[in-house]
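Student: Any chance you can model this:
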Amino acid sequence: MADAAMTVPTQSTSAAHPLSDIGLYPKAVRYNASVAALLQTALAAGEGQLSAEGGLVVRTGAFTGRSPKDKHVVDHPSYSAEIWWQGNNAMTPNAFRQLKEDLFAYLEDRTVEVQDLVCGAEEDQAVNIRLVAEYHWHALFLRHLLTAPDEGGLTQYRPEFTIVNAPGFLADPTRHGCRSKTVIAVDFEEKLVLIAGTEYAGENKKSAFTILNHLYPKRGILPMHCSANHAKGNPEDSAIFFGLSGTGKTTLSSDSERILIGDDEHGWSDDGIFNFEGGCYAKTIHLSASAEPEIWQATHQFSTVLENVSMDPDSRRLDLDDGALTENTRAAYPLSFIPNASLTRRGGTPRHVMLLTCDAFGVTPPIARVTPKQARALFLLGFTSKVAGTERGVNTVVPTFSTCFGAPFLTRDPKIYADLFEARLQESGAQCWLVNTGWTGGDFETGHRMPIAATRELLVAALSDGLEGVSDRPDPLWGLAVPAFTGGEAAQFLDPQATWSDPTAFEVSAERLCALVLDEAERLGLMDEMGGLFYLGGAE
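Tutor: Got it, this is the predicted structure:
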């Protein structure tokens, strides 16, 4: 881990806005170090090891995924009424003040990295987010994932929000009003995020996403947990892919036949879609050079940050099939490492919207046509499965619901995002699809994952309008329109029940999913939204 006594030369490219502006006085500070400098310093500090290709292989300790239960929003009178408290833990202003005081005192004896970064590729809507990091590799991580201004941009840079991350500081639940020794606390009044007690770098990225999720709805922009791409030579022919981690957002949007806009977080404004980030954060477990060549190649580039990836100690070659530490092995790299990535990170109004679900029950068709009203209900449900390692304590496949496909990152009532989503769909005329990348031929214990090749085949057909004009059949569970696709490998998966050897077992699994969906709809107050949209075992 980071050596607190290590000397790092001070670089004052942001001297106009020193850390003293927020009352932070670390032992030493370096502003906006380059990628190479960050990599060298992280290695010298013993924070990681160099792979054969020059990537930085790091370990994140006890935390190999996010800690959503440890995330808090300060309950400040100026914005308390705007917060969706059903999905966010509250922290009092006094508790946050004490946490800030203690964390800042901890950093007085330590060296920190400062990275002044930009979130959002639509220039007039971009948000300046500064990272203050105890670990050098955290600074490298977020420099890859957001956008670093050029030297001229830095002279004009003014931080709008600041994230302070000190993994070595352990919170005190009694003193700091939090749940455990780990804490992620967001104060929208002070425009400050404090992270402590976890080495998992994804908390930095998701804190930036949370900030934009809070700001953008008031600007009429829909913030989305989705990937996006567009047709070669035609940015107006764009598509977006909603989904939680493990559903295939990164894999399916990284298509050699299309241009990648981004793999995880985007906004949808009047001018089209735009990436929040300047990099990608891809799962690497069992990554295939043949099925996912673009991502595989990016993991083997100089300076890529590789979290919990196994490596041969002598050859330094990566072993992407080894999940001994976690199934949630990750690679963070700049978007430029993908050869067919968009230089502008923008696209036109999407023509197609994919709602990716990882159905652990194995009863959802691989693709189905969805109306705007159905899309709204599916968006609010956010049905999918958590895969092992993506969150702390998740060690197997867990069917789950994450409203708006991003509940841990929402600050406002989900229906606010759903209203924006439905309005954008209606205005654009985009065709929406439900795409199941989960299990087929059985549930997660008896079946197997939908082949990537089959999913790609269906997506190619949909994105090229090859499914327009074909006949549809209603899915007996969801009541959605399943197109009669007759080409290639994918056709055999279109009728989920036909892929099971035991029809009775299929019915039992379908009934279990139906019960869960209806319970969640009732819990969220969505029964009116669901009415007339789904069969769900006869509940029309």
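
Student: Would you map the helices across this protein?
Tutor: 35-44, 93-107, 136-145, 151-155, 173-176, 202-215, 249-253, 293-299, 372-381, 414-428, 452-463, 503-523, 527-530 (DSSP state H).

Student: Report the distance from the third one to the chain centre.
Tutor: It stands for helix 136-145. How far helix 136-145 lies from its chain's middle: 16 Å, per CA atoms, centre = their mean, to the nearest Å.

Student: now the fifth one
Tutor: How far helix 173-176 lies from its chain's middle: 29 Å, per CA atoms, centre = their mean.

Student: Tell me how many other residues crowd residue 473.
Tutor: 14 (other CB atoms under 10 Å). Quick note: C-beta positions are derived from backbone N, CA and C, even for glycine.

Student: re earlier: switch the helices of the chain over to CSV; also include mean neighbour count.
Tutor: As requested, these are exported to CSV (neighbours: other CB atoms under 10 Å):
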stretch, mean neighbour count
helix 35-44, 18
helix 93-107, 18
helix 136-145, 29
helix 151-155, 11
helix 173-176, 15
helix 202-215, 23
helix 249-253, 25
helix 293-299, 21
helix 372-381, 22
helix 414-428, 18
helix 452-463, 20
helix 503-523, 16
helix 527-530, 16
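
Student: could those go into CSV alongside mean pLDDT and distance to residue 81?
Tutor: Converted to CSV, those look like this (pLDDT from 0 to 100; distance: least, CB to CB, whole Å):
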stretch, mean pLDDT, distance to residue 81
helix 35-44, 98, 41
helix 93-107, 98, 15
helix 136-145, 98, 31
helix 151-155, 87, 36
helix 173-176, 98, 24
helix 202-215, 98, 13
helix 249-253, 92, 33
helix 293-299, 95, 42
helix 372-381, 91, 21
helix 414-428, 96, 13
helix 452-463, 95, 41
helix 503-523, 90, 22
helix 527-530, 74, 23
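
Student: Export those helices to JSON lines and append columns for distance to residue 121.
Tutor: Shown next, in JSON lines, are the helices of the chain (distance: least, CB to CB, whole Å):
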{"stretch": "helix 35-44", "distance to residue 121": "20"}
{"stretch": "helix 93-107", "distance to residue 121": "31"}
{"stretch": "helix 136-145", "distance to residue 121": "13"}
{"stretch": "helix 151-155", "distance to residue 121": "14"}
{"stretch": "helix 173-176", "distance to residue 121": "36"}
{"stretch": "helix 202-215", "distance to residue 121": "12"}
{"stretch": "helix 249-253", "distance to residue 121": "15"}
{"stretch": "helix 293-299", "distance to residue 121": "19"}
{"stretch": "helix 372-381", "distance to residue 121": "23"}
{"stretch": "helix 414-428", "distance to residue 121": "18"}
{"stretch": "helix 452-463", "distance to residue 121": "22"}
{"stretch": "helix 503-523", "distance to residue 121": "34"}
{"stretch": "helix 527-530", "distance to residue 121": "32"}
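
Student: so which of those gets nearest residue 164?
Tutor: Residue 164 lies closest to helix 93-107 among those, at 6.7 Å (CB to CB).

Student: helices and strands around that closest one, which ones?
Tutor: Helix 93-107 sits against strand 161-166, helix 173-176, strand 183-187, strand 192-196, with contacts defined as 3 or more CB pairs under 8 Å, 6 or more residues apart in numbering; DSSP states H and E.

Student: any chance of those in JSON lines, plus distance to residue 367?
Tutor: As requested, the helices and strands packed on helix 93-107 are exported to JSON lines (distance: least, CB to CB, whole Å):
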{"stretch": "strand 161-166", "distance to residue 367": "38"}
{"stretch": "helix 173-176", "distance to residue 367": "46"}
{"stretch": "strand 183-187", "distance to residue 367": "36"}
{"stretch": "strand 192-196", "distance to residue 367": "38"}
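
Student: Point out the one among the ones you listed that comes closest to residue 338.
Tutor: The nearest among the helices and strands packed on helix 93-107, by CB to CB, is strand 161-166 at 25.4 Å.

Student: can you give me how far that closest one is from the chain middle?
Tutor: Worked out by CA atoms, centre = their mean, strand 161-166 lies 19 Å from the chain centre.

Student: now that strand against helix 202-215, angle please.
Tutor: 160 degrees (axes from the mean of the first three to the mean of the last three CA atoms, to 10 degrees).
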